[in-house]
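Q: predicted model follows, preceded by the sequence.
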Amino acid sequence: MVSYANLGGLGAREGRPVVHTWEPPPPEPPQMSATASTSLNLLPWLLMLLPLFLFRANRSPKAWWIWVPVVISALAGIAIICLTTDYDRDLSQAVCSFIVGLAALWLLMPFLGSRYRIVAFFKALPVLAGFSLLAFLPTLLGDRNGWLDFRPYLAVLLAVGSLVAMLALTLSGWCVRRRFGRLRFLCWLAVWTMLAWTVIATPFIIIGSLHGHLAWGEVCLPILGISGVTLAPLLPLALLSFFQPFYRARLFTFLNLPQPGPSAGSAVLPRIPDLAPPLAASHTGTDY
């Protein structure tokens, strides 16, 4: 290797040759192994939820059903990140941290409810954002990898995502307060999630469009993508609350919804009174 620089007559143009042996960088790890290695890192995050089972409201074997949607959401989120984008370890850890925050919210719902939805919203928001950022704190304080450090932006995105998730849950519960339906609730949840992200992104879109660097059509796909990332961890927890009575009572109480009655298949029919007169104790005539 020989360095070259035109110094304008102030010195030699070429430096002394240097011998350097170049070795190509090692190949990137396969996506499946990256997914498996990140899955092993789920254990510290899952251990953060264990102290919440010491509360009296969670001292029940039924409370342990929360692990099913948590593990499914974490593995599915990591797999989707690996398949749709280049493997980003920080992004996958941010998704897992958000799932931990949602699980903590579901475990603490008995302490967050209120007769006023706005009060329940402001009580639950610090729980969701706090546990999400607490789970992301080891990643935020770790060593930086690469040229750019996106971890502070991911931390801000976790806080904003917590706000969006709480707005979507609260407003969806308000929309189905008169007539609850599982499909109606999930549809409203998706609508309010996309609307919340659209409102948050609108000021940045307006500023970018005024400077001529951004068009409205270019942000539709990112808004849909981040809305899907927000909804993906919410759906398994919502389905758990639909089909598991322990968590269904929590979600309905938190959202101020009337508790559902027994299903039609298990309803007990009322007893029809017998209006016929009782038979006589003795009969006259011939007995057959």
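A: Looks like it arrived, so ask away. Numbering: from 1, shown residues only.
Q: measure how buried the residue nearest to residue 60 when sequence neighbours are not counted is and give me the count.
A: Spatial nearest neighbour of residue 60, chain neighbours left out: residue 246 (6.8 Å); criterion: C-beta to C-beta, 6 or more residues apart in numbering. C-beta here means a position set from N, CA and C on the backbone, and glycine is covered the same way. Residue 246 has 16 neighbouring residues, counting by other C-beta atoms under 10 Å.
Q: the one 3 residues further on too?
A: Under the neighbour criterion other C-beta under 10 Å, residue 249 is assigned a count of 15.
Q: let me know the next secondary structure element after the longest helix along the chain.
A: Across the chain, the helix with the greatest residue count (assigned by DSSP state H) is helix 182-210. Of the helices and strands lying after helix 182-210 in sequence (DSSP states H and E), the nearest is helix 220-243.
Q: circling back to that earlier point, send me whatever helix or strand the residue nearest to residue 60 lives in as PDB with only the CA atoms.
A: For residue 246, the host element (DSSP H and E) is helix 245-254. The C-alpha trace of helix 245-254 is given here as PDB (Å, rounded to 0.1, in the frame of the first residue of the first chain):
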ATOM      1  CA  PRO A 245     -61.400 -16.500  32.600                       C
ATOM      2  CA  PHE A 246     -58.700 -15.400  35.100                       C
ATOM      3  CA  TYR A 247     -57.300 -12.700  32.700                       C
ATOM      4  CA  ARG A 248     -60.700 -12.000  31.100                       C
ATOM      5  CA  ALA A 249     -62.000 -10.600  34.400                       C
ATOM      6  CA  ARG A 250     -58.900  -8.500  34.700                       C
ATOM      7  CA  LEU A 251     -59.100  -7.000  31.200                       C
ATOM      8  CA  PHE A 252     -62.900  -6.300  31.500                       C
ATOM      9  CA  THR A 253     -62.400  -4.700  34.900                       C
ATOM     10  CA  PHE A 254     -59.600  -2.500  33.700                       C
END
